[in-house]
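Enquirer: pasting the structure only:
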């Protein structure tokens, strides 16, 4: 059972974060991007309250700086940048660009922490990225469309998307991936749940103070106020579940395996489209799923010793 626990955690956090893009998009119908980001941090902190009393004893003068940095990267910057991005980009663009996370983890692990990665890990990353490319370019590949033609360029264009929005997504990916590497390599004495609890204990009250300073008049006057409010609560719960699962996955497996959840988020988006909206299941979906799961298996496969 312990061998399959990383895979189970991977599926749970992929479901959570996969849904977060759409939930955040709905919350933005009434609330500003700043309010959504701040409530995401504060609301998730409320769900962590039952764990804080016991976990607070693990906070010390020695580990406070690195825990503060982890919370700032993984909670504050990612929440703020994704909220800023989703008011300027389509959900599909945000989720697709988020698949760049494993590449950032791969590079940072080598450059900063001098980690050695096997050939199978590199191939797994490339397979996952191939799955993403199939999702994006699959139709063009299937019909041999000229990449310089107008029809191909139109197929890659997204409405309601700006370059600034894409920049915010990339910044969120870099911040989140940096936190993955930090948790995986720099905090060996704390569990994933303890790290998540302490970081939200630090930043939850700060987010609440800043949230009180925002103007809620536009949100209260919006027709989507009730709906967006429920979406904010759901987003906070998703953040709680996703953060705990994500941190535990990093601790129980590897930062690289945890980062591969960004590929599964794309798969879940396709599956939800097929089963909930009746979207047609195409050949590119099948092949992208095959690439993604082979990549996940290779990363999680135990190394066989020759000795």
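Expert: Yep, that arrived. Since the structure is predicted, the reported quantities are computational estimates derived from the model, not experimental observations.
Enquirer: residues near residue 10, how many?
Expert: By other Cβ atoms under 10 Å, the residues close to residue 10 number 22. Where C-beta positions appear, they are placed from N, C-alpha and C, glycine not excepted.
Enquirer: pretty sure residue 246 is touching residue 195, no?
Expert: No - contact criterion Cβ atoms under 8 Å: residue 246 and residue 195 do not qualify, at 10.1 Å.
Enquirer: residues contacting the residue lying closest to residue 5 once chain neighbours are set aside?
Expert: Spatial nearest neighbour of residue 5, chain neighbours left out: residue 252 (6.3 Å); criterion: Cβ to Cβ, 6 or more residues apart in numbering. Counting by Cβ atoms under 8 Å, 6 or more residues apart in numbering, residue 252 touches 5, 6, 9, 192.
Enquirer: inside strands: which ones of those?
Expert: Among the contacts of residue 252, the subset assigned to strands under DSSP state E is empty.
Enquirer: in helices only, show me those residues.
Expert: 5, 6, 9, 192 (DSSP state H).
Enquirer: buried only: go through the residues you listed for me.
Expert: Listed as buried from the ones in helices among the contacts of residue 252 are 6, 9, 192; burial here means 16 or more other Cβ atoms under 10 Å.
Enquirer: wait, which of the residues you listed is closest to residue 129?
Expert: Nearest to residue 129, judged by Cβ to Cβ, of those is residue 6 at 20.7 Å.
Enquirer: does that closest one touch residue 249 like I think?
Expert: Yes - shown here, residue 6 and residue 249 form a contact pair, counting by Cβ under 8 Å, at 5.9 Å.
Enquirer: residue 49 and residue 74: what is the separation?
Expert: Distance check for residue 49 against residue 74: by Cβ to Cβ, to the nearest Å, it reads 19 Å.
Enquirer: so who does residue 197 touch?
Expert: Counting by Cβ under 8 Å, 6+ apart, residue 197 has contacts 48, 51, 52, 55.
Enquirer: so it, which of the three states?
Expert: helix (DSSP: H, G, I helix; E, B strand; the rest coil).
Enquirer: show me the helices in the stretch 151-300 of the chain, by range?
Expert: 163-186, 192-212, 217-221, 225-252, 255-259, 261-277, 283-300 (DSSP state H, counting those that start in this stretch).
Enquirer: what's the most buried one of the ones you listed?
Expert: helix 255-259 (a mean of 27; mean count of other Cβ atoms under 10 Å).
Enquirer: which non-adjacent residue is nearest residue 31?
Expert: Per Cβ to Cβ, 6+ apart, closest to residue 31 is residue 219, 5.0 Å.
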